[in-house]
Every structure is written in C-alpha cells, then in structure tokens.
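Chemist: Need a 3D model of the sequence below.
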Amino acid sequence: ITVTGPSSGSSYDSGDSLTVTWTSEQLSSSYVRIYVCTSTSSSTTCSSNSACTTWDSSEYDDGSYTSTVSSYYFTGGTNYLCVVDYYDSTTFDYGDAISVNGITVTGPSSGSSYNISDSLTVTWTSGGLSSSYVRIYVCTSTSSSTTCSSNSACTTWNSSEYDDG
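Modeler: Numbers count the residues shown, from 1 in each chain. Below is the predicted model:
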C-alpha cells in the first residue's frame, strides 16, 4: 500500500471534504482500514499506534475514500492518514503530514475533577490560527453552536496565552 494523497502541507477546516487516495497490490482482501493519526512510526502499524483513530473500518480497496473533516477524528494541527490491509495489519502506509485548522484541547481529560487550590495545566494542539495567541475560557456548559466568547456559561481564564500547546 502506498498513500498518494492528500499531498504534504494540505490544509483543511472542520466540515471540509477530504479525499485520501492510495495504490495497492496483492492485498489479503478487497478491503482496507483507514486511520487518522497525530504521529507516525515506521515500526508501529496504524492499528496498534495509540496516536491513531479509526476513520473507516471497512473501506472497499478502490484507491479512494472521501469523508468530512470532523473534530471527532482530526485534531487541530498536524495529522496523518494511514491505510492498512484489512486482514494483514503489517501491510500499511502513512500519508504525508496534513494540517487541520483549529484547536483541540488535549488535557485535562474529560471527567477530571479538581479542588479550588489545585494547579491545573491546560494542553492543546492547534493549526491554521490567525494569531500566535489563544484565549482560554472556563465553562460550566458547552454548545457546539456557540463559541466560548459568546457562551454566557463561560468566563475568561487567560486572555492572552502564547500558543505553545
């Protein structure tokens, strides 16, 4: 398997259509699995790489798969697409690095609880931002259709943090 697209440096926004393309020869079946990864390793298969999430678990091996860029699968910043033989996970290829514009909070994890005096570190990945700074909010509830700055349940925690993740 050789991933042929998208090309290195391609940039996408959430909601964009993205097509991954590949070539393959003599696979063990007529199907492949497709993963989205935040890092790669030539010695680690896509299916065993903890930095990978299954994007399509059973795609016909026709050399192309198109879907929508979603924050469920993609993180803000650098992502890699990986195509793997459905039955033989040792036959795989990671594609070139692509960028997904936006911010993905990576820590603390969902469901974490803290006391008032506890220290808290917020981490994130980002890509395609118009500034080198981000604003951090603390919210008591969220809405996918409301930005943090316009959500009455949010308060500014840090109004100008350098974007170093």
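Chemist: tell me the SS of the residue located most distally from the centre of the chain?
Modeler: Within the chain, the residue lying farthest from the chain centre (Cα atoms, centre = their mean) is Ser117, at 32.5 Å. When classified by DSSP: H, G, I helix; E, B strand; the rest coil, Ser117 comes out as coil.
Chemist: Could you do Trp22 as well?
Modeler: Criterion first, three-state DSSP; result for Trp22: strand.
Chemist: Count residues in the vicinity of Thr78, would you?
Modeler: Counted with other Cβ atoms under 10 Å, the neighbours of Thr78 add up to 15. No exception for glycine: its C-beta is placed from N, CA and C like everyone else's.
Chemist: Could I get the pLDDT score of it?
Modeler: Here the pLDDT value assigned to Thr78 is 87.
Chemist: Show the contacting residues for it.
Modeler: Residues counted as contacts of Thr78 (Cβ atoms under 8 Å, 6 or more residues apart in numbering) are 38, 97-99, 125, 127.
Chemist: what pairs with it across the strands?
Modeler: Bridge pairing for Thr78 (DSSP bridges) gives the partners Ser99.
Chemist: May I ask which of the contacts of Thr78 has the most neighbours?
Modeler: Ile98 (23 neighbours).
Chemist: what about the closest residue in space to Val100 that isn't next to it in sequence, neighbour count?
Modeler: Distances taken as Cβ to Cβ, 6 or more residues apart in numbering place Phe74 nearest to Val100, at 4.5 Å, with adjacent residues excluded. When counting by other Cβ under 10 Å, one arrives at 26 neighbours for Phe74.
Chemist: Is Phe74 part of a helix or strand, or is it coil?
Modeler: coil.
Chemist: so what pLDDT did it get?
Modeler: For Phe74, the model assigns a pLDDT of 81.
Chemist: do the same with Ser43
Modeler: Looking at Ser43, the pLDDT reads 81.
Chemist: repeat for Ile136
Modeler: 81.
Chemist: cool, and the one 10 residues further on?
Modeler: As predicted, Thr146 sits at a pLDDT of 64.
Chemist: try Ser29
Modeler: On the pLDDT scale, Ser29 gets 94.
Chemist: Kindly report the same for Tyr162.
Modeler: 68.
Chemist: Asp56: which of the contacts of Thr78 is nearest?
Modeler: Ile98 (16.3 Å; Cβ to Cβ).
Chemist: Flag every buried residue along stretch 93-108.
Modeler: By neighbour count with 16 or more other Cβ atoms under 10 Å, stretch 93-108 contains the buried residues 93-95, 97-104.
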